[in-house]
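S.K.: For reference, the sequence and a predicted model appear below.
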Amino acid sequence: MTVWGKLPDSRKLGRAPPDEGVPFALVGKGAHGLTLYGLNAAARGLGLRHGQAHADACAIAPDLVGVPAEPERDLAALKKLALWAERWSPAVAIDAGPAELEGLVLDVTGAAHLWGGERKMLADIRTRLAKAGITARVAMAGTGAAAWALARFTAHEDPVAPPGQERDALASLPVEGLNLSPRAAQLLGRFGLRRIGDLYPLPRAGLARRFRGAEGLEVVGRLDQALGIVAEARVCEQRPAAYRAWQAFAEPVTVNEAVAVRAEALVDDLCAALERDGMGARRVVVTGFRVDGRATVLEAALGAASRRAAHILRLLKERGWERLDLGFGIDALMVSAGVAEPLHAIQADSEAGPVEADAAARSALYDRLTARLGEAAVGRPQLVESWIPERSEALVPAAAPLAETSSPDAPRPLLLLPAPEPIEALAELPEGAPARFTWRRVSRRVVKAAGPERLSPEWWRPSDSRLDRTRDYYRLEDAEGGRYWVFREGLYGREDAERAPGWWMHGVFA
């Protein structure tokens with residue numbers, strides 16, 4: 001049997017609905033402009049429908065309240081809800097009919113007796129959804145299409161249509177209960193076919209020919225699916241694979257060194273499973289299940305995904321097996337990948353081999369230091385998206401994932417000062433490169449200059465008197481061969497006329 005749950009249009013999984021009686025709609029982009037994506041009961045009562053042009057809807061209901069639709073977030077929320085609904089069935093799919101995504105389909109064949117029957121199971125589903133802040137209508141039938149229709153169009157609470165009784169349960173429902181496109185439902189109305197039961201006496205071939213198009217095949221196909229004549233394929237949501245290795249002991253283990261020995265085989269099994277699926281662990285968790293019913297945990301974080309058993313065991317040793325509080329002993333041990341991500345093979349470069357080896361050794365060193373000192377005690381620099389050089393780097397935990405950032409096209413100095421230092425500069429032109437400058441009481445004559453590279457202030461950030469002026473950066477070389485990165489802050493006559501532009505030293509090239 002199949003359970004179909006209809007979520008309310010106005011809430012859309014977490015959005016706060018307006019006051020009852022106020023027409024409300026979610027508005028999304030359609031093929032010919034803005035269209036209605038989701039409606040509440042007040043909007044439907046005025047004759048508005050899903051897919052209708054927003055301009056036409058406003059003409060019918062001038063007081064219509066509309067907010068932009070977010071179908072990607074709705075789908076993500078439904079996927080999370082589908083995983084949560086696995087408490088009732090391992091086979092949970094998202095409804096993907098012509099209407100907006102707003103429902104879940106559960107295959108509960110042979111499971112209803114675990115909740116005391118079909119109606120008690122439906123009541124449990126509805127009650128738990130209500131506790132989560134989601135109101136819903138639920139129904140159970142022998143087919144998913146029949147459950148879809150009962151949840152939407154029947155007046156009874158928690159309707160149930162056992163297998164083989166879908167024909168009688170659907171006969172009095174409107175043809176819209178077949179989850180048809182608006183065009184197909186409109187054509188059926190023109191022929192006077194307004195109830196699903198009106199379609200039963202008609203021959204299938206004649207019904208398909210009557211429409212002379214895809215609508216006829218759609219009506220016949222949806223009717224056969226609702227009655228169980230044709231199977232309906234659905235793709236179930238699945239949780240990410242859980243990587244773990246488990247061992248139970250006949251006698252409790254009370255010595256930490258013995259746990260370390262037994263964990264070696266489990267780490268090997270875990271790495272074998274990761275390698276089979278092309279994955280790597282970013283966090284390894286060792287869980288010991290004590291005889292008193294409690295659990296003791298030892299974790300190790302990795303800066304880069306890995307499935308090398310020797311490296312993982314070394315990190316766990318650095319963390320210290322003595323951290324496991326065994327109590328009166330553990331009777332089971334589990335090693336799992338708390339966080340796993342794809343680990344693809346990398347094509348090695350014969351000329352860059354030492355560089356790649358250094359990167360791997362550096363990552364291993366980060367992991368060992370993090371395991372010994374703690375995740376908050378070990379950091380590494382990481383690029384940050386910012387136009388201001390002193391804001392373009394931040395210190396993050398070494399075990400944090402690498403962020404994808406773009407590097408500037410213009411060269412940057414090897415040594416960037418913690419904060420720009422003022423210099424005295426003499427330029428031949430007001431907005432030209434310096435011909436001579438004095439930094440740290442030493443005068444330098446410029447023989448080569450390149451630039452400027454203009455960096456505008458980040459107007460979207462809170463105002464900062466030191467960072468809210470335009471910068472023109474120059475790369476300078478003095479007579480002794482020193483190379484510097486300096487900038488002029490401010491534009492003559494165009495920025496902060498009360499404060500003249502100034503020159504600053506920001507870095508030194510090697």
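M.R.: Happy to help now that I have it. Since the model is a prediction, treat every value here as computed from it, not as a measurement.

S.K.: downstream neighbour of the helix or strand of the chain with the lowest mean pLDDT in the secondary structure list?
M.R.: Sorting the helices and strands of the chain by mean pLDDT, DSSP states H and E puts strand 2-6 at the bottom, at a mean of 56. Going down the chain from strand 2-6, the next helix or strand is strand 24-30, by DSSP states H and E.

S.K.: which parts of that following strand are buried?
M.R.: Across strand 24-30, burial judged by 16 or more other C-beta atoms under 10 Å covers 24, 25, 26, 27, 28. Any C-beta I mention is one placed from the backbone N, CA and C, and that applies to glycine too.

S.K.: nearest residue to residue 219 other than its sequence neighbours?
M.R.: If the residues on either side of it in the chain are set aside, residue 219 comes closest to residue 184, at 5.6 Å by C-beta to C-beta, 6 or more residues apart in numbering.

S.K.: Go ahead and confirm that neighbour touches residue 215.
M.R.: Yes. The pair residue 184 / residue 215 is scored as a contact, 4.1 Å apart, by C-beta atoms under 8 Å.

S.K.: Which of these two has more residues huddled nearby?
M.R.: Of the pair residue 184 and residue 215, residue 184 is the one with more neighbours under other C-beta atoms under 10 Å, namely 23 against 19.

S.K.: Report the secondary structure state of that one.
M.R.: What DSSP: H, G, I helix; E, B strand; the rest coil gives for residue 184 is helix.

S.K.: Which member of the buried residues of strand 24-30 is positioned nearest residue 276?
M.R.: residue 28 (41.3 Å; C-beta to C-beta).

S.K.: circling back: possible to save the buried residues of strand 24-30 as a markdown table with pLDDT and distance to residue 296?
M.R.: Compiled in a markdown table, these are given as follows (pLDDT from 0 to 100; distance: C-beta to C-beta, whole Å):
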| residue | pLDDT | distance to residue 296 |
| --- | --- | --- |
| 24 | 89 | 51 |
| 25 | 88 | 53 |
| 26 | 86 | 48 |
| 27 | 88 | 53 |
| 28 | 84 | 50 |
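
S.K.: Which members of those residues are the farthest-apart pair?
M.R.: Farthest apart among the buried residues of strand 24-30 - using C-beta to C-beta - are 24 and 28, which lie 14.2 Å from each other.

S.K.: Make TSV from the buried residues of strand 24-30 and add distance to residue 300 to it.
M.R.: Listed next are these as TSV, based on distance: C-beta to C-beta, whole Å:
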residue	distance to residue 300
24	50
25	51
26	45
27	49
28	45
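
S.K.: Please, which helix or strand holds residue 247?
M.R.: Residue-wise, residue 247 maps onto strand 244-253 under DSSP H and E.

S.K.: give me phi/psi at the residue sitting nearest the centre point of the chain?
M.R.: Nearest to the geometric centre of the chain sits residue 76, at 7.2 Å (C-alpha atoms, centre = their mean). Dihedral pair for residue 76: phi -60, psi -40, per degrees, to the nearest 10.

S.K.: Residue 435 now?
M.R.: Here is the backbone geometry of residue 435 (degrees, to the nearest 10): phi -90, psi -20.

S.K.: Just the local confidence number for it, please.
M.R.: As predicted, residue 435 sits at a pLDDT of 91.

S.K.: Same check on residue 467?
M.R.: Per-residue pLDDT puts residue 467 at 65.

S.K.: swap in residue 9?
M.R.: Looking at residue 9, its pLDDT is 45.

S.K.: What of the one 4 residues further on?
M.R.: Per-residue confidence for residue 13 comes out at a pLDDT of 43.

S.K.: likewise residue 60?
M.R.: 90.

S.K.: same deal with residue 259?
M.R.: If you check residue 259, the pLDDT there is 92.

S.K.: OK, contacts around it?
M.R.: Contacts for residue 259 (C-beta atoms under 8 Å, 6 or more residues apart in numbering) come out as 253, 288, 321, 324, 326, 330, 333.

S.K.: mind listing what's buried in the helix or strand it falls within?
M.R.: Per DSSP H and E: residue 259 is located in helix 256-276. Applying a neighbour-count criterion of 16+ other C-beta under 10 Å, one finds 256, 259, 260, 263, 266, 267, 269, 270, 271, 273, 274 buried in helix 256-276.

S.K.: just the angle between it and strand 244-253, please?
M.R.: Angle of helix 256-276 versus strand 244-253, following axes from the mean of the first three to the mean of the last three C-alpha atoms, to 10 degrees, is 160 degrees.

S.K.: what pairs with the following helix or strand past helix 256-276, and is each one parallel or antiparallel?
M.R.: Downstream of helix 256-276, the first helix or strand assigned by DSSP H and E is strand 279-290. Strand 279-290 pairs in its sheet with strand 295-306 (antiparallel), strand 330-342 (antiparallel), by DSSP bridges.

S.K.: Out of those, which gets nearest to residue 177?
M.R.: The nearest among those, by C-beta to C-beta, is strand 330-342 at 43.1 Å.

S.K.: what residues go with each domain of this structure?
M.R.: 1-239, 244-345+352-363, 415-508 (automatic domain parsing).

S.K.: So which residues of the stretch 1-150 of the chain form strands?
M.R.: 2-6, 24-30, 33-39, 65-68, 92-94, 103-107, 137-141 (DSSP state E, counting those that start in this stretch).

S.K.: Can I get these in CSV including distance to residue 390?
M.R.: Formatted as CSV, the strands of the stretch 1-150 of the chain follow (distance: least, C-beta to C-beta, whole Å):
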stretch, distance to residue 390
strand 2-6, 53
strand 24-30, 40
strand 33-39, 44
strand 65-68, 37
strand 92-94, 47
strand 103-107, 50
strand 137-141, 57
